[in-house]
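A.B. asks: Provided below are the primary sequence and the corresponding predicted coordinates.
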Amino acid sequence: MRAEDTIVAVVTPPGRGGVGIVRLSGPDALAMGQRLFSSPRTGFAGFKPYRLHHGTLLDATGRHLDDVLAAYMPGPGSYTGEDVVEFNCHGSPAILRALVGAALSLGARHAAPGEFTKRAFLAGRMDLSQAQAVAELVAADTLAGAGLALSRLEGLMARRVGELRSRLEGLRMSICLAVDFPEDEGECLDPPGFLAALAEVMDHMGLLIAAHGRARPFREGELAVLAGPVNAGKSSLMNALIGRERAIVCDVPGTTRDFLEEQLDLDGLPVRLVDTAGLRETDDPVEREGLSRCARLLSESRAVLLVVDGSKDFDPSELSGALSGDCSIASLDPARTLAVVNKCDLAPAGRDPAHVLAEAGFTVLRVSARTGHGLEELCRTLRARLLGADAALPESEPVPNDRECALLAQAREELSLLAADLEAGVPPDLLGVRLETACSHLASITGEITPDGVLNAVFDGFCIGK
C-alpha cells in the first residue's frame, strides 16, 4: 500500500442491485472523478463538496456508461482522510466493472482489502479499535451484534482504555519520583495507596474482560440441534421457526437424510439451527452417514431440541434406545436439552410423552408446528438455555473483541505481577518496567503501539471496498 496512490473499488456487495457504489480515494480522486463525469447543467464548474451531483458517467474514451449521482468529499473531512469521490450507479455488474476499469485507465489502482479503513486509521480518522468495529458492524448478523460494534465505532472502547492508561500513568509518575529521589522513596511511593489504585484499575479491566465473555454468543452465535425419531415433525418445526419452507416435509420416514442448517435470530442472539436425520435403525449407507453426522452435532451443540410426536403412544423403553451410535435419549444432558412434544394440537393416542420425558428430568415444552402454538415460548426458553445466567448484554461498558480482550488480560497479568513484586520489596525501577509493559498492551488496543504484522492481519480480514 502506498499512500500516494489513488485507489478504486466497488463498495457495494457483489451481484445485481438497484444501486451500486464505486469509491475513489487519494490525491487524484477529484481529477479522475471529474474526468469520468459529465453534468447536464450549463456552466457546471466542478464538484462542490458534500453535495450530490446528477449527471452522466463516462468511460476513459468519453463514451456514456450510465446515469449517476456523484459526491465529492475533500480530505481531511472524508472517511479516509483523503479526497474521496463516490459514484452512485445502477447496480449492474457490467457498469460497475466498466467504471472501475475507466478509473484504472486514468492511473488508479485496485484497493486492497480494508485499504479504505486502513487509510482512515493512518490518517488519524479512527483508532484501531474503531477500525475493527467497522468490519464487525458489516459482518453483524443481528441488531445486538451491530450494537456491540457500534459502541466501539463511536469510540467508547478508546475512551475506556484512555481512562485506564491515564490512571496507570499517574502510578508511573510516583514510581519515577521514587527512582529519582530514593531518599524520599517512602513519601513518593505509598505501597498501600499504590496497591489500592492498582486493584481499582485491575477491577475495571476485569469488567471489560467479563463483558467480552458475555457478548461472545451475540458475536459468534450458538448451535442448536433438532433431533429425534423419524416423523416427529423436526423439519416442520424448523420451517415454522425460521418462517419459510426450508426443509422438505413428507409422511415418508427418512425424508431428511443429511442435515440442514439455517440462521435464527432469537431477540438479537444468532443461532445456527440444524435439522438432522430422523433417528432410527437403518441399513441405508446415506442415511447412516446422516445419523453419524447427527451424533457429532449433538456432541458439539450448545442446546438440543429433542422432538417427539405428541400424537403417538410413547414407550418409556425409547429412552434407552439408541439415537445414533452409542447416543440415547437417556444419555442426553437435561441441562442442555429441551424436550419438544410436537403436534400438541392432536390428541395423544396412548401414553403422553410429555409425562415420560418430564419424569426423566427433561424440561418439556408442548408445541404445534402446524398451528404455531407454543413456538414463542420455545424461542424464549431456548434463548435462556443458550445464554444461561448471562442473558443480558452489558450496557454501560464497551465490549472488547478477541484481540482487545487478550491485550487486556496481558495488561492485567502484568499489574498482578507488579502488585506481587511491590509486596516482595522489588526496587522501584523494576516495578516501572512492568507498569510500562501494561501501558504498552493498552496502547496496542487503540493502535498507538502496534507492529505492522498485527495491522496487516487486522485489515487483511476486511472485505474489498471497506
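C.D. replies: Here it is on my side, so go on.

A.B. asks: low-confidence ranges, the chain, go.
C.D. replies: Where the chain drops to pLDDT under 70, the residues are 1-3, 177-189, 244-259, 277-295, 315-328, 330, 348-350, 389-396, 451.

A.B. asks: hey, where'd the helices end up in the stretch 351-466 of the chain?
C.D. replies: For the stretch 351-466 of the chain, the helices defined by DSSP state H, counting those that start in this stretch cover 353-359, 375-387, 402-423, 428-446, 452-460.

A.B. asks: Gly26 is nearest to which of the ones you listed?
C.D. replies: Closest approach to Gly26 among the helices of the stretch 351-466 of the chain (CB to CB): helix 452-460, 16.7 Å. Heads up, the C-betas are built off the backbone N, CA and C, glycines and all.

A.B. asks: quick one: that closest one to helix 428-446, angle?
C.D. replies: For helix 452-460 against helix 428-446, the angle by axes from the mean of the first three to the mean of the last three CA atoms, to 10 degrees is 20 degrees.

A.B. asks: what does helix 452-460 contact?
C.D. replies: Helix 452-460 is contacted from outside by 112-115, 117-118, 121, 128, 131-132, 403, 444, 447, using CB atoms under 8 Å, 6 or more residues apart in numbering.

A.B. asks: out of these, who's the most crowded?
C.D. replies: When neighbours are counted by other CB atoms under 10 Å, Gln132 leads those with 29 neighbours.

A.B. asks: have a look at the chain and report its longest helix.
C.D. replies: Scanning the chain for the longest helix, with DSSP state H as the assignment, gives helix 191-220.

A.B. asks: who does that one touch, helix- and strand-wise?
C.D. replies: Judged by 3 or more CB pairs under 8 Å, 6 or more residues apart in numbering; DSSP states H and E, helix 191-220 is in contact with helix 143-153, helix 156-180, strand 269-275, helix 402-423.

A.B. asks: again, 10 Å this time
C.D. replies: Other elements packing on helix 191-220 under the criterion 3 or more CB pairs under 10 Å, 6 or more residues apart in numbering; DSSP states H and E are helix 143-153, helix 156-180, strand 269-275, helix 375-387, helix 402-423, helix 428-446.

A.B. asks: show me the protein divided up by domain.
C.D. replies: Each domain of the chain is listed here as a residue range: 7-126, 135-216+401-447, 221-387, per automatic domain parsing.

A.B. asks: need those in TSV (columns: distance to Gly461).
C.D. replies: Shown next, in TSV, are those (distance: least, CB to CB, whole Å):
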stretch	distance to Gly461
domain 7-126	7
domain 135-216+401-447	6
domain 221-387	18
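
A.B. asks: of those domains, which is nearest Gly465?
C.D. replies: With respect to Gly465, and counting by CB to CB, the nearest of the domains of the chain is domain 7-126 at 3.8 Å.

A.B. asks: circling back: can you say which of the helices and strands packed on helix 191-220 is packed in most?
C.D. replies: Highest mean neighbour count among the helices and strands packed on helix 191-220 (mean count of other CB atoms under 10 Å): strand 269-275, with a mean of 22.

A.B. asks: neighbours around Asn230, how many?
C.D. replies: Just so we're on the same page, residue 230 is Val rather than Asn. Counted with other CB under 10 Å, the neighbours of Val230 add up to 17.
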